[in-house]
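Asks: fold the following and give me the result.
(2 chains)
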Amino acid sequence: MSALVLRAGRVSARLDRRALVAMAVLAVVGLGLALLGLCHGARMATPSQVLLALVGRGDSVVVIRDWRLPRVAAGLVFGAALGVAGALFQNLTRNPLGSPDVIGLDAGAYTGALIAITVLSAAPTQLAVSSVIGGLATAAVIYALSLRSGLSSMRLIVIGIAVNATLTAVNTWIVLRAELEVAMAATGWSAGSLNGVDWAEVRLPFAIIAVLLVVLAARAPAVQQAALGDSLAVTSGVDLGRLRLLMMLVGVAATATVTAVAGPIVFIALAAPQIGRRLAGAPGVPLLPAALTGAVLLLAADIAAQMLLAPISLPVGVVTTAIGGCYLIWLLAREVGRP
Amino acid sequence: MTSDTAGRVAVLATALAALAALAVASLVVGARGVAPAEVLRAFTDFAGTDDHLIVRGHRAPRTGLAICVGAALAVSGALIQAMTRNPLAEPGIIGATSGAAFAVVLGSAFGLAAAQGAELALAVAGAAVATLVVFAVGRTSPLRLVLTGVALSTTLAGVSLGMRLMLPEVFDHFRFWSVGSLAGREQAPLAVPVTAMAVALAGALLVSRRLGAIALGENVAHALGVHVGRTRVLTLALVTVLAGAATAVAGPIAFVGLIVPHLARRLAGGSVPWLVAHAIVLGPMLVVAADTLSRVLLPTGEVPVAIVTSFLGGPALIWVVRRYGAVAL
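Replies: Numbering: from 1, shown residues only, chains lettered A, B, ... in the order given. The predicted structure is shown next:
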């Protein structure tokens, strides 16, 4: 096997060469897209101008560093967070369809965020906290409703879809009310959008996502162990109950943090883990390829949303919804073909 | 058997009375409340006051439309559930209504949907294509069917939102096509789709007996002299005409075809003709109630009626999924 084993004292990591290559390629593509995203705009900049501006020199420092960079960074970080959340939930439900956006966690987090905006004063902390609470409450409801049939069934997903439908209706109602009271233009935001993201908005979410990823990285070996099957995980010393709770919490928190800033962006959590898995040629649904693929996908979708009709930029959620629906149908159609 | 029939007739009569009460409420409630006595006077002793004009010009036709749309969607759901023996099948869930709405929007952009007949044809064609695609992909299990339908609806919704944002001057006019609503629709000329719905509802009552035979199994149906293939094609045609016409009138409204047949089945027992008859009364009750509610949910303005039905429909879907838990879903 083309595997590399790193050992440092008691810690050891086994790295598959194909996965390493895939992740390196993803990282390079991500950086390339980031450069493209920084160059693209009402006034195109050359790559050298961008690099100069990043170190604080040239005429376009404000445009590049304060306007475009937060959006590009948000695309990468939020994409990674969504990809990880999707991988966690697909691991938990053992189903490629069991991702947070399909089962309504995005919608629940969005309900929390909307309540923070319309009822509370919409400070970043309030936004983050109430969207996490919304996501957790939704997860708890879905879990309670599908307890009898088990976590890994198709029924959980259809119950999630039903919860999603109800919550989306509630969200639309809140937005309609808010539009009347606060005159908040939310059509774009309710589709999920990175338009007009600035540093002040993303600082706290970035910090939260960093903490979540560190927590998760510490437990990554156990997550991989758990993916091999319950009995194997238990015999190799994994506390499954606590691990599952942690995975659920991190997944919901990552989804909710992104939703609080950017609105519900679907499809990334659904597709990134599966695409990453295939690229890395790995068994199960590994986390790191999912994160890298998510970052690349969201940034690419956001750049496409800006380019499709240049002066206006579409909400990125529109692009991801259209592509994501097709991907979902394809996923289902392929499974039908199988015996 | 006769006592069965008498019971069903009694239930149906009660439901009709309730529908009449809801219709009156729908005439009374709105941005400007009109007293019931004034509503009555608007019909018997028309004086041309503002109240009378509102009742006769807006609320009465709108209530009529709500009744038609409710009946069409509910019967469409009842037929497709009976035909596929899938408790989760429903024109909204299987994507027929979104397909119809998308086809109309697309057609209008190319200037094809100017006449009522053309609009109806587009809607029915869209519903038919969406239904066939979703059944082709999701036929293996009821839950898969739901997923496929939701995926298709989401995709179409995303594409039409994108088109609307890209070409606002062309598509903003079709805002209501993304979320079903009855507000202001009573002003549009709708004779053709309403006639189509009435004809298709009559057809549904005629085909329901044969559908009941098919529900017993194909062999039994053959033995009873029912042409299975022909009945299926006819049912599918009725389903798409009903869903397409309802969408042409009110935009995509989901879950009515799911909630109503499940309630109607409790009243109708196992009989498909009675199921259809009950759905024709219960469907309008739901849509008229939801439409009335949609006028009071916001301090000013209205919530689209599809938002109300989808708020009610989510819990209904959960209930159905859990109830049929023992059956292999």
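Asks: tell me the contacts of the closest residue to chain A within the stretch 51-200 of chain B?
Replies: Chain A sits closest to B:Thr155 of the stretch 51-200 of chain B, with a gap of 2.7 Å, by Cβ to the nearest Cβ. For the C-beta atoms, the positions are set from N, CA and C on the backbone; glycine is no exception. Contacts for B:Thr155 were tallied using Cβ atoms under 8 Å, 6 or more residues apart in numbering or on different chains; they are A:321-322, A:324-326, A:328-329.
Asks: quick one: which of those sit in helices?
Replies: A:321-322, A:324-326, A:328-329 (DSSP state H).
Asks: return the member of these nearest to B:Thr300.
Replies: For the ones in helices among the contacts of B:Thr155, the residue nearest B:Thr300 by Cβ to Cβ is A:Thr321; the value is 29.9 Å.
Asks: quick check, that closest one in contact with B:Gly158.
Replies: Yes: the criterion here is Cβ atoms under 8 Å, and A:Thr321 meets it with B:Gly158 at 3.1 Å.
Asks: in terms of neighbours, single out the busier of those two.
Replies: Neighbour count, other Cβ atoms under 10 Å in any protein chain shown: between A:Thr321 and B:Gly158, A:Thr321 has more, with 27 against 23.
Asks: can you give me the helices for the stretch 201-329 of chain B?
Replies: Assigned by DSSP state H, counting those that start in this stretch, the stretch 201-329 of chain B shows helices spanning B:218-223, B:228-250, B:256-268, B:272-296, B:305-323.
Asks: actually chain A, sorry about that
Replies: A:17-39, A:47-54, A:61, A:69-93, A:105-118, A:124-145, A:154-181, A:199-227, A:230-235, A:240-262, A:268-280, A:287-307, A:316-337.
Asks: export these to JSON lines and tack on mean pLDDT and distance to chain B?
Replies: JSON lines is the format used below for those (pLDDT from 0 to 100; distance: least, Cβ to the nearest Cβ, whole Å):
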{"stretch": "helix A:17-39", "mean pLDDT": "85", "distance to chain B": "20"}
{"stretch": "helix A:47-54", "mean pLDDT": "78", "distance to chain B": "28"}
{"stretch": "helix A:61", "mean pLDDT": "73", "distance to chain B": "31"}
{"stretch": "helix A:69-93", "mean pLDDT": "90", "distance to chain B": "13"}
{"stretch": "helix A:105-118", "mean pLDDT": "86", "distance to chain B": "10"}
{"stretch": "helix A:124-145", "mean pLDDT": "87", "distance to chain B": "6"}
{"stretch": "helix A:154-181", "mean pLDDT": "80", "distance to chain B": "3"}
{"stretch": "helix A:199-227", "mean pLDDT": "85", "distance to chain B": "22"}
{"stretch": "helix A:230-235", "mean pLDDT": "80", "distance to chain B": "23"}
{"stretch": "helix A:240-262", "mean pLDDT": "87", "distance to chain B": "16"}
{"stretch": "helix A:268-280", "mean pLDDT": "85", "distance to chain B": "10"}
{"stretch": "helix A:287-307", "mean pLDDT": "88", "distance to chain B": "9"}
{"stretch": "helix A:316-337", "mean pLDDT": "78", "distance to chain B": "3"}
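Asks: JSON lines for those, including distance to B:Cys68?
Replies: Shown next, in JSON lines, are the helices of chain A (distance: least, Cβ to Cβ, whole Å):
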{"stretch": "helix A:17-39", "distance to B:Cys68": "50"}
{"stretch": "helix A:47-54", "distance to B:Cys68": "59"}
{"stretch": "helix A:61", "distance to B:Cys68": "62"}
{"stretch": "helix A:69-93", "distance to B:Cys68": "42"}
{"stretch": "helix A:105-118", "distance to B:Cys68": "31"}
{"stretch": "helix A:124-145", "distance to B:Cys68": "35"}
{"stretch": "helix A:154-181", "distance to B:Cys68": "23"}
{"stretch": "helix A:199-227", "distance to B:Cys68": "47"}
{"stretch": "helix A:230-235", "distance to B:Cys68": "54"}
{"stretch": "helix A:240-262", "distance to B:Cys68": "39"}
{"stretch": "helix A:268-280", "distance to B:Cys68": "38"}
{"stretch": "helix A:287-307", "distance to B:Cys68": "40"}
{"stretch": "helix A:316-337", "distance to B:Cys68": "30"}
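Asks: what residues does the stretch 151-300 of chain B have near chain A?
Replies: For the stretch 151-300 of chain B, the residues in contact with chain A (Cβ under 8 Å from any Cβ of the partner chain) are B:151-159, B:161-162, B:165-166, B:179, B:254-255, B:297-300.
Asks: try 10 Å
Replies: Counting by Cβ under 10 Å from any Cβ of the partner chain, the stretch 151-300 of chain B comes close to chain A at B:151-168, B:175, B:179, B:254-255, B:258, B:294, B:297-300.
Asks: quick one, which of the residues you listed are buried?
Replies: For those, a neighbour count by 16 or more other Cβ atoms under 10 Å in any protein chain shown gives the buried set as B:151-165, B:179, B:254-255, B:258, B:294, B:298.
Asks: which ones among the residues you listed lie within helices?
Replies: Those of those mapping onto helices are B:151-165, B:258, B:294, per DSSP H.
Asks: how many neighbours does B:Arg323 have?
Replies: B:Arg323 has 11 neighbours, counted by other Cβ under 10 Å.
Asks: same check on B:Ala183?
Replies: For B:Ala183, the neighbour count with other Cβ under 10 Å is 17.
Asks: kindly report the same for B:Pro189.
Replies: Other residues within reach of B:Pro189 by the criterion other Cβ under 10 Å amount to 9.
Asks: show me the contacts for it.
Replies: Applying Cβ atoms under 10 Å, 6 or more residues apart in numbering or on different chains to B:Pro189 gives the contacts B:115-116.
Asks: one more pass at 7 Å, please.
Replies: Applying Cβ atoms under 7 Å, 6 or more residues apart in numbering or on different chains to B:Pro189 gives the contacts B:Gln116.
Asks: output the below-cut-off pLDDT ranges for the stretch 1-150 of chain B.
Replies: Across the stretch 1-150 of chain B, the ranges flagged by pLDDT under 70 are B:1-3, B:113-114.
Asks: which bits of it sit near chain A?
Replies: Applying Cβ under 7 Å from any Cβ of the partner chain, we find that the stretch 1-150 of chain B lies next to chain A at B:137-138, B:140, B:143-144, B:146-148, B:150.
Asks: want to throw these into a markdown table with neighbour count?
Replies: Below are the residues of the stretch 1-150 of chain B next to chain A laid out as a markdown table (neighbours: other Cβ atoms under 10 Å in any protein chain shown):
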| residue | neighbour count |
| --- | --- |
| B:Val137 | 24 |
| B:Gly138 | 28 |
| B:Thr140 | 12 |
| B:Leu143 | 21 |
| B:Arg144 | 22 |
| B:Val146 | 27 |
| B:Leu147 | 24 |
| B:Thr148 | 26 |
| B:Val150 | 27 |
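Asks: need those residues in JSON lines (columns: distance to B:Val249 and secondary structure).
Replies: JSON lines is the format used below for these (distance: Cβ to Cβ, whole Å; DSSP: H, G, I helix; E, B strand; the rest coil):
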{"residue": "B:Val137", "distance to B:Val249": "28", "secondary structure": "helix"}
{"residue": "B:Gly138", "distance to B:Val249": "27", "secondary structure": "helix"}
{"residue": "B:Thr140", "distance to B:Val249": "33", "secondary structure": "coil"}
{"residue": "B:Leu143", "distance to B:Val249": "30", "secondary structure": "helix"}
{"residue": "B:Arg144", "distance to B:Val249": "30", "secondary structure": "helix"}
{"residue": "B:Val146", "distance to B:Val249": "25", "secondary structure": "helix"}
{"residue": "B:Leu147", "distance to B:Val249": "28", "secondary structure": "helix"}
{"residue": "B:Thr148", "distance to B:Val249": "26", "secondary structure": "helix"}
{"residue": "B:Val150", "distance to B:Val249": "23", "secondary structure": "helix"}
